[in-house]
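A.B. asks: Here is the input, now give the coordinates:
(one chain, ligands or ions: 1)
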Amino acid sequence: MEHLLRNVEEVVTKEEFLNLRGGVAYLGFEPLWPIHVGWLVWAHKLAELREAGFDVVVLVATWHAWINDKGSLEELRSHGEKVKAVLDKIGKFKYVYGDEIAKDPRYWELVVKTAKETSLARVRRATPVMGRRTEEVELDFSKLLYPIMQVADIFYLGVDVAVGGMDQRRAHMLARDVAERLGFKKPVAIHTPIITSLSGTGRMEGTHRELDEVYAMYKMSKSKPQSAILVTDAEEEVRRKIWAAYCPPRETKFNPVFEIAAYLLIPYGGPLEVGGRRYEDAEALGKDYREGAVSPQALKEAVAAALAAMLTRLGAPRS
Ligand code: NAL
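C.D. replies: Numbering: from 1, shown residues only. As a prediction, this is how the structure comes out:
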């Protein structure tokens, strides 16, 4: 169980997690194609949970993506199939589709009960879960339903562990509060690190957690292809993007190239060779990078090669 908390940014609460004996681990995603490499961070965490005996259920959140202006339900279902083909190479998960769940009247009962326990202000503060600013959530009324639906999904499936990137924490914290008030099963939340946009964040002071509302705007984003390495990028494209990426010397925080190494390549791709030294843990690489013993050029070289190799092993169609 301790091993499952490696490469996790936050667990709420650790004590509750360590008391679990298996159960349902759950994650939802808005289906879009192509996906970026940040998705592989949570996908590998789900695979570890599954190997540890959890039932892993993945929600292909078609309705949520539709509300969030990502395409027609038909297009979204087809993106979902492509994403599933990639996830199938990482782990064996069970899938549920948002548009199937929405056919069950019991689901809508949970949506209304959840809404009854939630203030408008709290819904507005939950907008990072949809990758939007607070103002944008009021573009149409359905967007205000999104966070409530996300919480109702968790209750509907009787989730023991809600897994997601740090950008999903406001939905999970809401689910925990509402669960307490309604006497529903209270999910443990596991939040994986987010990879910063390849163009960086500009100056930001504070921890990822304090900054989650703004930070959600600076993540790798599927709707901004230049901000991210896509799983479909060919080797030259990976090299070109990493070469152009924001990678300040001696600075590991909000450094997307370092984060790809620390959160993805080292934990799930094996030891990383940088400038003649083998790194088996991200701490050691971070220390050497901050001390200037590893240059941005050396880091970029190593990350581009290892990431391209990881994508080749993953076998998604490359462009
Ligand atoms: C994540 C999303 C949608 C519904 C969910 C229901 C339960 C747990 C997690 C869920 C998608 C997520 C995204 N908000 O931004 O892709």
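A.B. asks: from here on, contacts and neighbour counts on C-alpha atoms
C.D. replies: Noted.
A.B. asks: Dihedrals phi and psi, Gly22?
C.D. replies: In terms of degrees, to the nearest 10, the main-chain angles of Gly22 are phi 70, psi -160.
A.B. asks: separation between the spatially closest residue to it that is not a sequence neighbour and Ala102?
C.D. replies: Excluding the flanking residues, the one nearest Gly22 by Cα to Cα, 6 or more residues apart in numbering is Phe54, at 4.8 Å. Distance of Phe54 to Ala102, given as Cα to Cα, to the nearest Å: 25 Å.
A.B. asks: Looking at those two, which is more packed in?
C.D. replies: For Phe54 and Ala102, the more surrounded residue by other Cα atoms under 10 Å is Phe54, and the numbers stand at 20 against 14.
A.B. asks: Am I right that the more buried one is in contact with Leu20?
C.D. replies: No - if you go by Cα atoms under 8 Å, Phe54 and Leu20 don't touch, sitting 9.9 Å apart.
A.B. asks: OK, contacts around Met12?
C.D. replies: Rather than Met, residue 12 is Val. Counting by Cα atoms under 8 Å, 6 or more residues apart in numbering, Val12 makes contact with 188-190.
A.B. asks: mind checking the backbone torsions on it?
C.D. replies: phi -130, psi 110.
A.B. asks: where does it land on pLDDT?
C.D. replies: Listed pLDDT for Val12 reads 98.
A.B. asks: any idea how far it lies from Thr192?
C.D. replies: 12 Å.
A.B. asks: quick revisit: highest neighbour count among the contacts of Val12?
C.D. replies: For these, the largest neighbour count, defined by other Cα under 10 Å, is 29 neighbours, found at Ile190.
A.B. asks: helix or strand for it, which one?
C.D. replies: strand 188-192 (DSSP states H and E).
A.B. asks: How far away from the center of its chain is that strand?
C.D. replies: Mean C-alpha position of strand 188-192 versus that of the full chain (Cα atoms, centre = their mean, to the nearest Å) differs by 10 Å.
A.B. asks: for stretch 67-78, same thing?
C.D. replies: Using Cα atoms, centre = their mean, the offset of stretch 67-78 from its chain centre is 19 Å.
A.B. asks: contacting residues around the closest residue to the ligand within the stretch 101-250 of the chain?
C.D. replies: Distance from the ligand to each residue of the stretch 101-250 of the chain (Cα to the nearest ligand atom) is smallest for Gln150, at 3.9 Å. Applying Cα under 8 Å, 6+ apart, we find Gln150 in contact with Ala171.
A.B. asks: Specify the local secondary structure of it.
C.D. replies: Taking DSSP: H, G, I helix; E, B strand; the rest coil as the rule, one finds Gln150 in the helix state.
A.B. asks: again with Phe155
C.D. replies: For Phe155, the assignment made with three-state DSSP gives helix.
A.B. asks: Which parts of the stretch 1-150 of the chain are helices?
C.D. replies: Listed in chain order, the helices of the stretch 1-150 of the chain (DSSP state H, counting those that start in this stretch) span 14-19, 38-51, 62-67, 73-88, 98-101, 105-116, 120-125, 142-156.
A.B. asks: I misspoke; the intended subject was the stretch 151-300 of the chain.
C.D. replies: Ranges of helices in the stretch 151-300 of the chain, per DSSP H, counting those that start in this stretch, are 169-182, 212-215, 235-244, 256-259, 266-269, 282-290, 296-314.
A.B. asks: Pick the most buried one from the ones you listed.
C.D. replies: helix 256-259 (a mean of 26; mean count of other Cα atoms under 10 Å).
A.B. asks: Send me that helix as CSV with only the CA atoms.
C.D. replies: C-alpha atoms of helix 256-259 as CSV (Å, rounded to 0.1, in the frame of the first residue of the first chain):
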residue,chain,number,x,y,z
PRO,A,256,8.1,20.6,-17.7
VAL,A,257,11.2,18.8,-18.9
PHE,A,258,12.2,17.9,-15.4
GLU,A,259,8.7,16.9,-14.5
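A.B. asks: now for that helix, which elements pack on it?
C.D. replies: Under the contact definition 3 or more Cα pairs under 8 Å, 6 or more residues apart in numbering; DSSP states H and E, helix 256-259 sits against helix 296-314.
A.B. asks: Helix 235-244 and the helix it packs on, what's the angle between them?
C.D. replies: Helix 296-314 and helix 235-244 are oriented at 150 degrees to each other (axes from the mean of the first three to the mean of the last three Cα atoms, to 10 degrees).
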